[in-house]
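# Predicted model and sequence follow; I will ask about them next.
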Amino acid sequence: RMSNEKKIIKEMVQGNLKVHRKRNLLLILAITLTTILFTSVLEIGFGGMQSIQETQLKLSGMKADAELRFLDKEQFQKVQNSDLFESVGGRVPLALMEGETKRPIEIDYLDKAGMEAYYLSLEEGKMPEDEKEVLLSEQALEELGIKKEVGSLVPMSFTLRGQEHNFDMRLSGWYKGGPKVNFLIVSETFLEHNPEVSENTYDIEILGTYYASVCMKNTGNIEQNLKEYVESLGAQTENADGNNYVNVAVNPMLYSEDGSTGVGLSIIFFGALFILCGYLLIYNIFDIGVMQDIQEFGIMKTIGMTAKQIKRLMRRQMLFLSLIGIPIGLVIGYGLGALLLPAILKNWEYSEEELIIVQSVHPAIFILTVLFVLITVFLSMRRPSKKATKYSAIETAKYIEVKKKIAEKDIHSIKNIAKSNLQRNRKRTTLVF
């Protein structure tokens, strides 16, 4: 019996779709527009949040989840081989370059992952490998008056522990980035061949120690997990003046609870607002359709269909229309959000050079959109479906809410739908306005 009932309802749904094509197209259009609204705004919201976060990270100079500072070489190698981290970037601060420049030039060793962690991107040439090779920023080359050409001579002078050091280096390439400081990047070979430069006294100086920029596999309780990990290396994180001190610096830009709370509240607020907008749009179209078919529903009850079966029939119909309208709306809405995002972000306080645009493909955009649209659709059909099951065939003859000429008129356009809806229920019309 249940199988026959499902088959009959399926056939009735298909028949209804064929008979009322124009109305169903309008319902699909309404569902599609509601989906576009949700998808585009969520894309702008998530993309905007990620874009601003990436921009702030770039301006702060640190992309990694956290930085472990003042490691010795053995500890750094253990960090590199740990399963706790997705990636590890290495940096060894050595000294400050002598000479007057607008921004200080710091002499450091950085590996490739370390450069990425500091938003430094190689523009031309290669990473330094030979003892005499160095990498500089475009700004530093300009300020030092060095020709932007691979192989150019780079005089490197600095004072370390009261002793002057002078080296004639060669330019292996140049990079772009670094909003706060310019780096003169030396090779690992330079560290190995010049132990007097890279040597570290541990107790009073940070120069020569390793900095590990780490991206975690699991970012839950990140600071506590890193402190416990540092202790497993034989170091301590509490006493900066004590022996074997390692500083755990969590990136504050990545884990702001206020920002997450704000985004959550915004999603709830706009979700409720758009459900209301979509509800008014879909409900009005669906309600008019029910009123036009009220006698048809009355006949269904007369021949033995229960209210539950009629509601199931209407749900199946709306689900089928949603399966058409939602995918179309997701594609158009995502594209629209992606197009509008750069234009909206340009009105923020960041310059075009500073701003990083992130087109978000977060699964939550699509999951929340589908969820919100389905909630909107099924909320919209609740009252009309109750109305459809309320009257028998005889009672429907008395139940005329719309003027006869409007009730008998087929729905040909959105204009006719609006007109009949405004005339049918003046109180609700006033409320909507």
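It's in. Numbers count the residues shown, from 1 in each chain.

# tell me the SS of Ser360?
coil (DSSP: H, G, I helix; E, B strand; the rest coil).

# any chance you could map the strands in the stretch 1-150 of the chain?
For the stretch 1-150 of the chain, the strands defined by DSSP state E, counting those that start in this stretch cover 66-71, 85-96, 105-110, 121-125, 133-137.

# for the stretch 151-300 of the chain, that is, sorry about that
Assigned by DSSP E, counting those that start in this stretch, the strands in the stretch 151-300 of the chain fall at 153-160, 163-176, 182-186, 210-216, 247-250.

# so what secondary structure elements neighbour the last one?
Which is strand 247-250. Packing partners of strand 247-250 (3 or more C-beta pairs under 8 Å, 6 or more residues apart in numbering; DSSP states H and E): strand 66-71, helix 222-232. Every C-beta, even on glycine, is put in place using the N, C-alpha and C of the backbone.

# out of those, which comes closest to Gly125?
strand 66-71 (26.7 Å; C-beta to C-beta).

# re earlier: any idea which of the helices and strands packed on strand 247-250 is most buried?
strand 66-71 (a mean of 21; mean count of other C-beta atoms under 10 Å).

# Please compute how far that strand lies from its chain's middle.
Taking C-alpha atoms, centre = their mean, to the nearest Å, one finds the center of strand 66-71 at 28 Å from the center of the full chain.

# What helices and strands are in contact with it?
strand 210-216, helix 222-232, strand 247-250.

# Tabulate those in TSV, adding columns for mean pLDDT and distance to Asn81.
Shown next, in TSV, are the helices and strands packed on strand 66-71 (pLDDT from 0 to 100; distance: least, C-beta to C-beta, whole Å):
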stretch	mean pLDDT	distance to Asn81
strand 210-216	92	11
helix 222-232	91	13
strand 247-250	90	19
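
# how about TSV for those, with distance to Leu171 added?
Putting those into TSV (distance: least, C-beta to C-beta, whole Å) gives the following:
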stretch	distance to Leu171
strand 210-216	24
helix 222-232	37
strand 247-250	31
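
# my read: Val377 touches Leu281, true?
No - contact between Val377 and Leu281 fails when scored by C-beta atoms under 8 Å: they sit 10.6 Å apart.

# Quick one: closest of the helices and strands packed on strand 247-250 to Asp83.
Closest to Asp83 of the helices and strands packed on strand 247-250, according to C-beta to C-beta: helix 222-232, at 10.9 Å.

# who does the closest one touch, helix- and strand-wise?
Using 3+ C-beta pairs under 8 Å, 6+ apart, helix 222-232 sits against strand 66-71, strand 210-216, strand 247-250.

# need the contact list for Leu33.
Leu281, Gly329 (C-beta atoms under 8 Å, 6 or more residues apart in numbering).

# again, only using 7 Å
Leu281 (C-beta atoms under 7 Å, 6 or more residues apart in numbering).

# circling back: for the strands of the stretch 151-300 of the chain, which one sits closest to Lys102?
Set against Lys102 and scored by C-beta to C-beta, the strands of the stretch 151-300 of the chain come closest in strand 182-186, at 9.0 Å.

# Ok, which of the strands of the stretch 1-150 of the chain comes nearest Tyr229?
Judging the strands of the stretch 1-150 of the chain by C-beta to C-beta, what sits closest to Tyr229 is strand 66-71, at 8.5 Å.

# got the CA coordinates for the closest one in PDB?
What follows is strand 66-71, C-alpha atoms only, in PDB (Å, rounded to 0.1, in the frame of the first residue of the first chain):
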ATOM      1  CA  ALA A  66      53.100  30.500  15.800                       C
ATOM      2  CA  GLU A  67      56.800  31.000  16.200                       C
ATOM      3  CA  LEU A  68      59.200  29.200  18.500                       C
ATOM      4  CA  ARG A  69      62.000  31.500  19.200                       C
ATOM      5  CA  PHE A  70      65.500  31.000  20.600                       C
ATOM      6  CA  LEU A  71      65.900  27.400  19.700                       C
END
